[in-house]
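[1] Just to be clear, the model below is a prediction. Sequence and coordinates:
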Amino acid sequence: MNRYWSPIVSELRPYVAGEQLAAPGVIKLNTNENPYGPSPRVRTAIVEELDRLRLYPDGTAKALREAVALHFRIGVDQVFAGNGSDEVLAHAFQALLNHSEPLLLPDVSYSFYPTYCKLYGIQFREVAVTESFEIDVNRYASPCGGIVIANPNAPTGRALPRDSIAQLLGAHRDVVVVVDEAYVDFGAETAVPLLSEFPNLLVVRTFSKSHALAGLRVGFAMGHVKLIEALQRVKDSFNSYPVDRLAIVGATAAIQDQAWLDETRRAVMITRDRLSKALEELDFEVLPSKANFVFARHRKSEARALAGALRQRAFLVRHFALPRIDQFLRITVGTDSECEALIEALRAEVG
């Protein structure tokens, strides 16, 4: 508390990101970064743009939006670009989800969602995922001011088929349904083909995960032109230039290199499946994952202690001290050698 704070600040519980430890020798498997790096085209595009940094960027990021629109075969006016998907989501909460009825969220999901609700004064109700940590769209039947789900979900990695998303959209045509697809490129079905049928759908994506541009901070949304217009109005009332010149050209180059994306995401998926099997052999329960991480709990060892023991061995994994999932560890899929080293460290801890 501080006497200069506004009333809302003292009530906030800010989102806590994964630890960013720069110590040498640490194997960092706690923040879902891509182990393979971005397309080589990204470096070339950024270097060529350096001489233009004295100039403001295009406030609409038109070149990037055109590349996204071409990639997904939608209109340019159906694309919004922002400073990371977190900013895009923040604008969506303010522009599209702040209504008299409560917003519906899964009770186990990205913990930034409740933070945004509290920041913007949005009522929300958490809908329980199943005992197997799946989102059951039939549980979202009540009146609401909107729905937000991550697909694949975080931190579980479980994914819904497109038909289930369509069912949810059809049952709630009068409110916006936001589908956060941060991890969709690692094996899940995208909801983008549903955009032409459902004007209440907003799909949010990031370049941080599959395109390996976490340090560049670029996200985007796709939806009906009126949804995009609402995001644009909020953005232009907040920051005229959220996506800088290097981010625009870097992300544009990344989305234009489909071959690099396909090669690296396949490598991640192969390693993920191998890691899951190795964990199961060590008596872990591993949830089926369609993301670039796995969510696992050991049947005998306590999760917090195990995360601490791994840290002593220079491995960072994510532990969430939250209801229902406090015995799980979220483990980012690293390179083959990083994952093999992790398994050896776990073998020494759990036998």
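    Sure thing, it's come through.
[2] switch to C-alpha atoms for all contacts and neighbour counts from now on
    OK.
[3] what's the neighbour count on the residue lying closest to A214 once chain neighbours are set aside?
    Distance criterion Cα to Cα, 6 or more residues apart in numbering; nearest residue to A214, sequence neighbours excluded, is S208 at 3.7 Å. Per other Cα atoms under 10 Å, the neighbour tally for S208 reads 23.
[4] For S208, give me its contacts.
    When contacts are counted by Cα atoms under 8 Å, 6 or more residues apart in numbering, S208 touches E33, N34, G84, A214, G215, L216, R217, V218, G219.
[5] wait, the fourth one sits on G250?
    No - under the contact definition of Cα atoms under 8 Å, A214 does not touch G250, with a separation of 11.6 Å.
[6] Need phi/psi at E49.
    Note on E49: its backbone torsions stand at phi -90, psi -10 [degrees, to the nearest 10].
[7] That one and A253: what is the separation?
    Here the criterion is Cα to Cα, to the nearest Å. By it, E49 lies 12 Å from A253.
[8] And these two? Which one has more around it.
    Taking neighbours as other Cα under 10 Å, E49 and A253 compare with A253 leading, 22 against 16.
[9] Surely the more buried one is in contact with A45?
    Yes - counting by Cα under 8 Å, A253 sits close enough to A45 to count as a contact (6.7 Å).
[10] Now G187. Nearest residue, chain neighbours left out?
    K290 (5.0 Å).
[11] and that neighbour, what does it touch?
    With Cα under 8 Å, 6+ apart as the criterion, the residues that contact K290 are P152, G157, R158, A159, Y183, V184, F186, G187, A188.
[12] and the third one, how far is that from F328?
    When distance is defined by Cα to Cα, R158 is 14 Å away from F328.
[13] who's more crowded, the two?
    In this view R158 and F328 are compared by other Cα under 10 Å, and F328 has more residues nearby, 28 against 22.
[14] Local confidence estimate at that one?
    pLDDT, F328: 98.
[15] ok, now R324?
    R324 is assigned 96 on the pLDDT scale.
[16] Can I get the lengthiest helix in the chain in CSV, CA atoms only?
    Ordering each helix of the chain by length in residues (DSSP state H) puts helix 258-281 first. Included here for helix 258-281 are C-alpha records, laid out as CSV according to Å, rounded to 0.1, in the frame of the first residue of the first chain:
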residue,chain,number,x,y,z
GLN,A,258,6.3,-21.7,-43.7
ALA,A,259,9.1,-24.3,-44.3
TRP,A,260,11.0,-23.2,-41.2
LEU,A,261,7.8,-23.2,-39.1
ASP,A,262,7.0,-26.7,-40.3
GLU,A,263,10.5,-28.1,-39.7
THR,A,264,10.9,-26.7,-36.2
ARG,A,265,7.4,-27.4,-34.9
ARG,A,266,7.7,-31.0,-36.1
ALA,A,267,10.9,-31.3,-34.2
VAL,A,268,9.3,-29.9,-31.0
MET,A,269,6.4,-32.4,-31.3
ILE,A,270,8.7,-35.4,-31.8
THR,A,271,10.7,-34.4,-28.7
ARG,A,272,7.5,-33.7,-26.7
ASP,A,273,6.2,-37.2,-27.4
ARG,A,274,9.6,-38.7,-26.5
LEU,A,275,9.7,-36.6,-23.3
SER,A,276,6.2,-37.7,-22.3
LYS,A,277,7.1,-41.3,-22.7
ALA,A,278,10.3,-41.0,-20.6
LEU,A,279,8.4,-39.2,-17.8
GLU,A,280,5.8,-41.9,-17.7
GLU,A,281,8.5,-44.5,-17.3
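[17] Lovely, talk soon.
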